[in-house]
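K.L.:
My questions are about this predicted structure, shown below with the sequence.
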Amino acid sequence: MRTLFWIPLLLTICFVSNASSQEFIGSVEVLDEALTDLVAADVQLEILAEGFVWSEGPVWVRDGEFLLFSDVPTNQIYQWSEDHDATVFLEPSGYTGAEERGGSLGSNGLTLDSEGNLIITQHGDRRIARLGAPLADPAPVYETVIDQYEGARYNSPNDLVYHSSGRLYFTDPPYGLDPQAGDSNKELDVHGVYSLALDGSVMLLESELTRPNGLAFSPDEKTLYVANSDPTNAIWMAYDVLPDGGIDNGRVFFDATRLVEAGLPGLPDGLKVDLAGNLFATGPGGVLVFSLEGVHLGTINTTQRTANCAFGDDGRVLYITAHGYLLRIPLLTEGAIL
């Protein structure tokens, strides 16, 4: 059953700087020459906006030619386009309660469903919600997509991706709780990976990961990749996707724990897969690029802890949310646009 909420739009003063002239940071580190078929070795990241607390969850909206992304701690979603600087699109975005509480409360991962509705993981409200207002005239009106598993509230849904069957896959780490796994309000013992079918049935797919985070499908949807943002086990997992929507044969796709131990900033977080099956995965050092065989081809060094990324424009631009920045970089490969 969907629950409808309406919350008055609140304005929060937050310093955000939009680059009036082109500014660039970072570099491309080539470990395998195959990387240069995907991204040019001599390009840098363009700064589109800065001043956020922790930017996350970007999604490109094809119909409007704009990008939406979360600033998790400020409980806001921002909008950016080529013609308009980054401005607050939606507030509150992840916590609609009146009672003050700790934890990371805002929205995190964003996606679009098959009808073009904005689907939001809401840390503070501990649910996945659908925006109940048109993107052209946004208002903080939310319909609950899912908020419980077997009668227990989720921890804080973090990232999400749709399968072509309409099944929604999502992760549920404790980042929105206070203090995370030790929060007395925690109702689930696991930090799970789940799927939600069109008929409303839910499957707990994975319960052994300590901090499941970003997730994405291979182009043929036969493989599901899941990031684990645990500094002691900083890995990306790969799973076979079964006909019934379940997953099997979990194996480590890449282990970046040694990169964390070496002091590179960031942990396995959001990820996207291009049309050829290469992974663009935010993690230690920036955006790590992997071949479909799990070879680390190189890293787009953002100089920041990096949360997530999304293909945009014609699919040959990668938008990146990196700590206080919104960045972009041109690609030589192509990713799918929702």
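P.N.:
Thanks, I have the structure now. Residues are numbered from 1 along each chain as shown.
K.L.:
so where do the strands sit in the stretch 101-250 of the chain?
P.N.:
In the stretch 101-250 of the chain, the segments counted as strands under DSSP state E, counting those that start in this stretch are 107-112, 118-122, 127-131, 141-146, 148-149, 152-153, 160-162, 168-171, 193-196, 202-206, 212-217, 223-228, 235-241, 247-255.
K.L.:
Including distance to Ala307, mean neighbour count and mean pLDDT, could the ones you listed go into TSV?
P.N.:
For glycine as for every other residue, the C-beta is placed from the backbone atoms N, C-alpha and C. Listed next are those as TSV, based on distance: least, CB to CB, whole Å; neighbours: other CB atoms under 10 Å; pLDDT from 0 to 100:
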stretch	distance to Ala307	mean neighbour count	mean pLDDT
strand 107-112	9	26	98
strand 118-122	13	26	98
strand 127-131	18	22	98
strand 141-146	22	19	98
strand 148-149	25	16	98
strand 152-153	24	13	98
strand 160-162	15	21	98
strand 168-171	14	25	98
strand 193-196	19	23	98
strand 202-206	21	18	98
strand 212-217	9	25	98
strand 223-228	11	25	98
strand 235-241	15	20	98
strand 247-255	18	15	98
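K.L.:
any idea how far the strand or helix carrying Ile320 is from the chain center?
P.N.:
Using DSSP states H and E, Ile320 sits within strand 317-322. Centroid separation for strand 317-322 versus its chain: 11 Å, with CA atoms, centre = their mean, to the nearest Å.
K.L.:
Can you tell me which helices and strands that strand packs against?
P.N.:
strand 55-61, strand 66-71, strand 279-283, strand 286-290, strand 308-312, strand 325-330 (3 or more CB pairs under 8 Å, 6 or more residues apart in numbering; DSSP states H and E).
K.L.:
Can you tell me which of those is nearest to Val260?
P.N.:
Evaluated with CB to CB, those place strand 279-283 nearest to Val260, the distance being 8.5 Å.
K.L.:
what's the spacing between the closest one and its chain's center?
P.N.:
On CA atoms, centre = their mean, the centre of strand 279-283 falls 11 Å from the chain's centre.
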